[in-house]
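> Would you be able to build a 3D model of this:
(chains A, B, C and D)
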Protein chains: 2
Amino acid sequence: MTPARPSQQRLVVTDKREAIMAAALGLFVERGFYGTAVPEIAERAEVGAGTIYRYFESKEALVNELYRREKMRFAAHVLNEMPGGPARELFRTMWMKMAKFAGENLEGFVFLELHHHARYLDAESRALEQRMLDMFSQVTIAAQARGEVKAGPPRLLMGFVLGAFIGVIRCCLENDQPVPSADWKLAEQCAWEAIRA
Amino acid sequence: MTPARPSQQRLVVTDKREAIMAAALGLFVERGFYGTAVPEIAERAEVGAGTIYRYFESKEALVNELYRREKMRFAAHVLNEMPGGPARELFRTMWMKMAKFAGENLEGFVFLELHHHARYLDAESRALEQRMLDMFSQVTIAAQARGEVKAGPPRLLMGFVLGAFIGVIRCCLENDQPVPSADWKLAEQCAWEAIRA
DNA sequence: TTACACGGAATGAACATTCATTCCACGAAA
DNA sequence: TTTCGTGGAATGAATGTTCATTCCGTGTAA
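All right, here's what the predicted structure looks like:
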């Protein structure tokens, strides 16, 4: 599928692949999966329609690859180098990392949001999603055990916080504005007060 | 468009229209607008594909009518008979009314969520959305003025709270479970602590 | 000269919508 | 009571369009 070859060859190949993925990401965010035609993706990526099928087995394979890539980017960005220490610190760090990621890669974040649980995601994509949720769960449970976070179903608290985060993004998305830094801080304070014990 | 006639005749007509809307609501929630074929809607509604076009001008007109109907149901349910008094009371009442609505009409709620800001919504549908947001804004601003709710952009706080609400629903949706009453109460308490001054 | 990446026209499937036809309820005539 | 004519609701095969995918001629690098 991916034509493999060393050095230069490889670079050219990667460029087209990258262009296709970037174009698809943008269009899927704007119009959704079924609302986007493959030839449209080709046009935006400035490649022939057939070329897409040199790099991706199908439209579905493309959306799944995109999903996994963005999900892993997100995970790498947010979960790396988490501090130990009190839950308050940990929470602030996580929230702000998520905010940073969303700010730098808004399209990717919205894409993940939009395609969360879509029917065309395959088993591998779903498994990845599950693993990430489990990591968040563990952090939550640990903080609850230390009495720093409210008792209650961890998934509920996580859903609450993640939902609030998305709500903040969406509210600023409506004006095509990036979320101001002050707003992120306010929202973080709100979110912490929501869940702290 | 709607054939008018008294008594029985009228009832039959309404039944088909209703069947089509119910079928479309379910399918749009499951597969999205573009992911749903009109003949599929017809099949689930147990009518001929052509019949749909007796009642709705197009697929787009159908989704818009559905959107407005659900939006107004939501508004009627949530905004009626709001108490005066302290913001704490008002907030609890609103939250719980929203929870009740979502519990009784989950499909409708998810539909609104999914189609929020979709490109095929027409001007009228968008205007309706805007009006509702404005009403919430006014309530928020009033509570801020009385020092009961944190200062900050009203839209931000609303986005936060509504996002959190949706997050709670989504987290329970994943197990096909209705949200337990205790969880709604916990989430309400979290949400209030998030925004209270 | 070979091999292969590429573009974009070609293809067949699936779609939204239309329309010629069927079906049915009802009222009038016998 | 039965029969028949009529209007309009309902239908689903037919239509034209759009789509995902394939195919093939071209250009280019080795």
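
> which strands and helices sit next to the lengthiest helix in chain A?
For chain A, the helix with the greatest residue count under DSSP state H is helix A:7-31. Here helix A:7-31 touches helix A:38-45, helix A:49-55, helix A:59-79, helix A:106-115, going by 3 or more C-beta pairs under 8 Å, 6 or more residues apart in numbering or on different chains; DSSP states H and E. Every C-beta, even on glycine, is put in place using the N, C-alpha and C of the backbone.

> The last one to helix A:59-79, inter-axis angle?
Put simply, helix A:106-115 runs at 120 degrees to helix A:59-79, going by axes from the mean of the first three to the mean of the last three C-alpha atoms, to 10 degrees.

> List the buried residues of helix A:106-115.
Neighbour-count burial for helix A:106-115 flags A:Leu106, A:Gly108, A:Phe109, A:Val110, A:Phe111, A:Leu112, A:His115 (criterion: 16 or more other C-beta atoms under 10 Å in any protein chain shown).

> what does chain A put close to DNA strand D?
A:8-9, A:34, A:36-40, A:49-50, A:52-53, A:58-60 (C-beta under 7 Å from any atom of the strand).

> tell me which of those residues is nearest to DNA strand C?
A:Gly50 (1.4 Å; C-beta to the nearest atom of the strand).

> The closest one: neighbouring residues, count only.
Using other C-beta atoms under 10 Å in any protein chain shown, the number of residues around A:Gly50 comes to 10.

> Reformat the helices and strands packed on helix A:7-31 into TSV and put mean pLDDT and distance to DNA strand C next to each item.
Formatted as TSV, the helices and strands packed on helix A:7-31 follow (pLDDT from 0 to 100; distance: least, C-beta to the nearest atom of the strand, whole Å):
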stretch	mean pLDDT	distance to DNA strand C
helix A:38-45	96	7
helix A:49-55	95	1
helix A:59-79	95	12
helix A:106-115	95	20
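
> Output the ones you listed as CSV; include the columns distance to A:Gln189.
What follows is the helices and strands packed on helix A:7-31, written out as CSV (distance: least, C-beta to C-beta, whole Å):
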stretch, distance to A:Gln189
helix A:38-45, 40
helix A:49-55, 45
helix A:59-79, 19
helix A:106-115, 21
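
> Would you mind writing the CA trace of stretch A:106-117 as PDB?
The C-alpha coordinates for stretch A:106-117 follow below in PDB (Å, rounded to 0.1, in the frame of the first residue of the first chain):
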ATOM      1  CA  LEU A 106      -8.000  22.600  16.100                       C
ATOM      2  CA  GLU A 107      -9.100  20.700  13.100                       C
ATOM      3  CA  GLY A 108      -7.600  17.500  14.400                       C
ATOM      4  CA  PHE A 109      -9.400  17.900  17.700                       C
ATOM      5  CA  VAL A 110     -12.700  18.600  16.100                       C
ATOM      6  CA  PHE A 111     -12.200  15.700  13.800                       C
ATOM      7  CA  LEU A 112     -11.700  13.400  16.700                       C
ATOM      8  CA  GLU A 113     -14.800  14.800  18.400                       C
ATOM      9  CA  LEU A 114     -16.900  14.400  15.300                       C
ATOM     10  CA  HIS A 115     -15.900  10.900  14.500                       C
ATOM     11  CA  HIS A 116     -16.000   9.600  18.000                       C
ATOM     12  CA  HIS A 117     -18.100   6.400  17.800                       C
END
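
> Show me what that stretch is in contact with.
A:25-26, A:28-29, A:32-33, A:63, A:66-67, A:70-71, A:73-74, A:101-102, A:121, A:129, A:166, A:169, A:173, A:178, B:174 (C-beta atoms under 8 Å, 6 or more residues apart in numbering or on different chains).

> of those residues, buried ones?
A:25-26, A:28-29, A:32-33, A:63, A:66-67, A:70-71, A:73-74, A:101-102, A:121, A:129, A:166, A:169, A:173.

> and the closest residue to A:Ala75 other than its chain neighbours, which of the three is it?
Spatial nearest neighbour of A:Ala75, excluding adjacent residues (C-beta to C-beta, 6 or more residues apart in numbering or on different chains): A:Met132 at 5.7 Å. Three-state call for A:Met132 (DSSP: H, G, I helix; E, B strand; the rest coil): helix.

> Assess the claim that A:Met132 and A:Arg73 are in contact.
No. Applying C-beta atoms under 8 Å, one finds A:Met132 not in contact with A:Arg73, separated by 11.8 Å.
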